[in-house]
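In: give me the fold of what follows.
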Amino acid sequence: MDLEATIVCHAFTEGGRGADLEEAVRVSSDDRVHRRHDEVMQTQPVLVYDGDCAFCTTSATFLKRHLRLRCAITPWQCTDLASLGTTRQRAEYELLWITPTGAVHGGAQAVAKLLLHAGKGWACLGGMLTLPPLRWIAHGVYRLAANNRDRMPGSTPTCALPAERRPVSRPPE
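Out: Take a look at the predicted model:
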């Protein structure tokens, strides 16, 4: 991973600003920033989202702040997807919840699993989303939102572009 990609990924995963970005530049040569995330990813669930999409990033930030999840939250552009047992194509298509045992849940079921993991009243909602017919309805609502994320609050026209045409720099594969 090059220095520019390290800074971009640090900004995604840590909300890097100012001194944080300077620290990312200093530690990029020995890759401590990414090694720390890899260690977390092995012992906790991982929520993988599209870091190029403003709606997805805003949603991930909301989840991080308000649900107090005990998991790694990372954009797919900054993640070794193969080591998590998934592909770039799947990560571009839907939100992913990956358990420490390697089970990969996508889309509405990823949302259900993260709500179950959040506990309290969120777990009740997450449990309901795993049962038919709510599971089917949740899938339809998720696909509708995902297919129209460029029209959602907090989004940008970039969200409508295919991943390979988006202007944001991402790590080489």
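In: distance check, the nearest residue to G107 once chain neighbours are set aside against A145.
Out: Nearest non-adjacent residue to G107, counting by C-beta to C-beta, 6 or more residues apart in numbering: E94, 4.1 Å away. Glycine gets a C-beta too; all of them are placed from N, C-alpha and C. E94 sits 11 Å away from A145, going by C-beta to C-beta, to the nearest Å.
In: then R135?
Out: Taking C-beta to C-beta, one finds R135 at 16 Å from A145.
In: do G85 as well
Out: 25 Å.
In: likewise for R68?
Out: For R68 relative to A145 (C-beta to C-beta), the value is 23 Å.
In: that older thread, how many residues are close by the residue nearest to G107?
Out: 19 (other C-beta atoms under 10 Å).
In: residues contacting it?
Out: Shown in contact with E94 (C-beta atoms under 8 Å, 6 or more residues apart in numbering): 106-107, 110, 142, 146.
In: how about the residues you listed in TSV, adding neighbour count, distance to G154 and secondary structure?
Out: As requested, these are exported to TSV (neighbours: other C-beta atoms under 10 Å; distance: C-beta to C-beta, whole Å; DSSP: H, G, I helix; E, B strand; the rest coil):
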residue	neighbour count	distance to G154	secondary structure
G106	19	22	strand
G107	20	19	coil
A110	21	19	helix
Y142	20	17	helix
A146	19	14	helix
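In: can I get those residues in JSON lines including distance to D80?
Out: Compiled in JSON lines, the contacts of E94 are given as follows (distance: C-beta to C-beta, whole Å):
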{"residue": "G106", "distance to D80": "18"}
{"residue": "G107", "distance to D80": "21"}
{"residue": "A110", "distance to D80": "18"}
{"residue": "Y142", "distance to D80": "25"}
{"residue": "A146", "distance to D80": "23"}
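In: taking these, tell me the two that lie furthest apart.
Out: Maximum pairwise distance in these, criterion C-beta to C-beta, is 11.1 Å, between A110 and A146.
In: work out for me the element the spatially closest residue to W76 that is not a sequence neighbour sits within.
Out: Distances taken as C-beta to C-beta, 6+ apart place A91 nearest to W76, at 3.6 Å, with adjacent residues excluded. Here A91, judged by DSSP states H and E, is contained in helix 88-93.
In: tell me the buried residues in that helix?
Out: Within helix 88-93, the residues scored as buried using 16 or more other C-beta atoms under 10 Å are 90-91.
In: elements contacting that helix?
Out: strand 104-106 (3 or more C-beta pairs under 8 Å, 6 or more residues apart in numbering; DSSP states H and E).
In: partners of the strand it packs on, with directions?
Out: In the sheet, strand 104-106 lines up against strand 96-98 (antiparallel) (DSSP bridges).
In: this completes my enquiry, with thanks.
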